[in-house]
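# Got a sequence here, can you model it:
(2 chains)
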There are 2 protein chains.
Amino acid sequence: MRIRLLVLLLAAVAPALNAFAADPLPSWNEGAAKQAILEFVERTTTAGSADFVPAAERIAVFDNDGTLWAEQPLCFQFLFVLDRVKGLAPQHPEWRTQEPFASILKGDLKAALAGGEPAAAQLAMATHAGTTTDQFAGIVGDWIATAKHPQTGRLLTEMVYLPMLEVLEYLRANGFKTFIVSGGGIEFMRPWAERVYGIPPEQIIGSSIRTAYELRDGEPVLVRLAQLDFMDDGPGKPVGIQMHIGRRPLAAFGNSDGDLQMFQWTAAGPGPRFCLYVHHTDGEREWAYDRASVIGRLDEGLDEAQARGWIVVDMKADWKRVFAFEQD
Amino acid sequence: MRIRLLVLLLAAVAPALNAFAADPLPSWNEGAAKQAILEFVERTTTAGSADFVPAAERIAVFDNDGTLWAEQPLCFQFLFVLDRVKGLAPQHPEWRTQEPFASILKGDLKAALAGGEPAAAQLAMATHAGTTTDQFAGIVGDWIATAKHPQTGRLLTEMVYLPMLEVLEYLRANGFKTFIVSGGGIEFMRPWAERVYGIPPEQIIGSSIRTAYELRDGEPVLVRLAQLDFMDDGPGKPVGIQMHIGRRPLAAFGNSDGDLQMFQWTAAGPGPRFCLYVHHTDGEREWAYDRASVIGRLDEGLDEAQARGWIVVDMKADWKRVFAFEQD
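Alright, predicted model coming up:
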C-alpha cells in the first residue's frame, strides 16, 4: 500500500519533472532565436518574476501560411480552389468558355490569374460559397485527407514546420492559449487545424464570407454566401484579434508583411511582449524568399523587425529539422 | 513520511470527492429542471456512457440579458447609453435641441425612443463609437464599477442570477467551455464578464460595430467606427456561434425569442443536446413577463420549447434564491 501511494504520487509529479529535464525545442539549433523563446516563456510564467503574466492573459497568435506550414510554390488554399474548380466543372458547363474558369480547366494558372483581384475573388466565391457550413467542412476534410504537395509529393498536412509545432506545444505546456490568425479562410482551416496543430476551431481566426441562417424542411442550416465578410490580413489582423480574442496577444509569430500590423499591435502592449518572424532562408530544405516574393513577401516587416529588435528566425541556421518527414 | 504522503494524496483527490458529496446547484429547488441539468451533464461526461462527449466538444452557450442577469425595467446596456449621453453632453451643445438626445437630456425616455430604430441606432453610435477599443474598455469598466439598478439600488453586477452562476460553474467543473452569446455589445460585456461570470473575453460573442487599425503618432490603435458590423440576435446567434466557435454547442441557455434560432441550431446537432429557457415567472423577487413583453419577449420560443421538450425553468418555483443579495 505504501508503495502504491508512492507510485501514484510520482506519476502525478513526473510530467513536471520531465518539463525540466527534456529540451522542449529539440528541432531548434542552439542560438539566439531558441534562447529568446525559452527566456520569454520563463520570465512570463515564473511566479515571482517581475514580468510574470497570469495564465488567462497568455495569448499567443500564429500566422498560418509560411509560419506553421509551407506556402510555396503557391498558397495551399489555392490548390483547393484549383481542385474544386475541376470537381465542380461538370455542374458548370459554362466554365469551359468563361474566364477565369476556362484557363484553370486548361491548366493555365497564369492566364487564369491575369484577371487580377476580380478573377481571384470570383474563383474564391465559386469554390467556397453555395454550400452549408457543415457541407463545406466535409468537403475540406475530405480534400485535405489526400491532398498532396505538387513538388514534394507529401500530404499538405505533412508540410508543417516541426520547430513551430514544438513552439505551439511548449507554449501550451506553459499555460499559453494558442490561436491561428491567418489571411486564409477560417472555415478552410478549422476542419484539420485541431488534428495537425492542436488548435481547436474556436481558436482559429481567418478571412470569412458571410453566412445566413435558414430552416430547410425544418432543418436549420448556415448557408455560405458569395459575399466577403472579413479579410484577416495586414491591418485586418489586429481587428480580427480584437473581434475574436478581445485581449492583446503576449506573443505573435508570422513570416510576412501581412503580419506586420499584428506585430505592431502585440508589441505596443504594456509589459513583456514577443514578436518573431520566420525568415525563409533555406532554399534546400524549403524555399528561400523574402523582399521580392509575391507570396509571403517580407520586406517592410524585416526592416521593422531589425529596427525594433524583434526575433528573426533564420530557417537555414536556426532549424535543425524543418519537416518531420526529413531523415535525421 | 507515510502520513505526509497520505495527506498529499487526499488533498489531490478531495476536490473530486467533494464534487460527489456537495450539491453543485444549491440555489435550485429539487424538481424537473434541476434534475434535467444534472442528468445531462452526467450522461455526457461519464466515460463509458453511450452519450459521452469528449471535453473539446463540450461547448455551452448562454444568452446574457434576462438569462445571466436581469433586463428589467430596461436592458442594462441602455442605462449605459443614458449615462453616456449625459456625460458627453457638454461636448455636444447641439444635443440640447437635437433628437433623440434632447429628450434624453430632459429625462423623457419615451419621447427619445419615439424615433424608433433610427433613433436607437443614433444613440448607440453616439455612445459606443468614436473612441479606441482600449478607451472604450476603460469607459465601460469605470461605469460598471458604480452603475446601480434604478429600482433595487443594487450594483448592476449584483443583479446576476445566482442559480445561473452555479450552472456556469458546474458546467466548467465538468469540462465544459462556457460562452456568452448575447444581442448586447461584445465590447460592452468584455470588461466585466470575466470577473462576474468567470467567462474570459475570447468566449464572449455579441453585437459589434466596425473597428479600424490606425497608427497615431506611431502608436497602434483600433478605432471604433459608427458602422454596424454584426447583430448577434435571433438568426444572427447561430451565425455568431459559427464565426466565433466553429463548433455546434452541446447546450444552450436563453430566455427569449431572440434565442430561438440558437436553440434550433443547438438542438439539431447529432447526439445529446440540451436547451433551457429561463421563464420569468417571479414578479416578487424579480419580474414576471413573457409573451406580451417588449423586452425579452418569450412567445414563439415558449411554444417551441413545449412542443420539443426543451427545459423551461419556472423561476418562481425552481429557484430557491434569485440574487446572491437576498436574505436566506
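# A:T45 and A:F52 touch, don't they?
Yes. With contact defined as C-beta atoms under 8 Å, A:T45 counts as touching A:F52 (7.2 Å). Every C-beta, even on glycine, is put in place using the N, C-alpha and C of the backbone.
# more crowded one of the two?
With neighbours defined as other C-beta atoms under 10 Å in any protein chain shown, A:T45 and A:F52 compare such that A:T45 has more, 19 against 13.
# contacting residues for that one?
A:52-53, A:58, A:174-175 (C-beta atoms under 8 Å, 6 or more residues apart in numbering or on different chains).
# Show me where chain A has its helices.
Using DSSP state H, the helices of chain A run over A:2-21, A:32-45, A:76-88, A:101-105, A:109-112, A:116-128, A:133-146, A:162-173, A:186-197, A:236-244, A:260-267, A:300-308, A:315-318.
# which of the contacts of A:T45 lies closest to chain B?
Closest approach between the contacts of A:T45 and chain B, by C-beta to the nearest C-beta: A:R58, at 11.4 Å.
# Quick check: that closest one vs A:F179, distance?
Relative to A:F179, A:R58 is positioned 11 Å away (C-beta to C-beta, to the nearest Å).
# And for A:P26?
From A:P26 to A:F179 the distance is 24 Å (C-beta to C-beta).
# and those two? which has more neighbours close in?
More crowded of A:P26 and A:F179, by other C-beta under 10 Å: A:F179, with 23 against 11.
# what's the neighbour count on the nearest residue to A:D318 once chain neighbours are set aside?
The spatially closest residue to A:D318, leaving aside those adjacent along the chain, is A:A33, at 4.7 Å (C-beta to C-beta, 6 or more residues apart in numbering or on different chains). Using other C-beta under 10 Å, A:A33 is surrounded by 24 other residues.
# next one: A:T157
Neighbour count of A:T157, defined by other C-beta under 10 Å: 18.
# tell me the pLDDT at it?
As predicted, A:T157 sits at a pLDDT of 98.
# how near is the closest residue to it other than its chain neighbours to chain B?
Excluding the flanking residues, the one nearest A:T157 by C-beta to C-beta, 6+ apart is A:V196, at 5.1 Å. Remark: distance between A:V196 and chain B (C-beta to the nearest C-beta, to the nearest Å) = 15 Å.
# if I pick A:E57, what's in contact with it?
Counting by C-beta under 8 Å, 6+ apart, A:E57 makes contact with A:247, A:250.
# picking up where we left off before, for the contacts of A:T45, pick the one with the most neighbours.
A:R58 leads these on contacts (other C-beta under 10 Å) with 21 neighbours.
# Tell me the spatial nearest neighbour of that residue, not counting adjacent residues.
Nearest non-adjacent residue to A:R58 (C-beta to C-beta, 6+ apart): A:F176, at 4.2 Å.
# What of A:E194?
Per C-beta to C-beta, 6+ apart, closest to A:E194 is A:P200, 5.2 Å.
# Can you pull the residues of the stretch 51-200 of chain A lying near chain B?
A:56, A:59, A:133, A:177, A:186-187, A:190, A:194, A:200 (C-beta under 8 Å from any C-beta of the partner chain).
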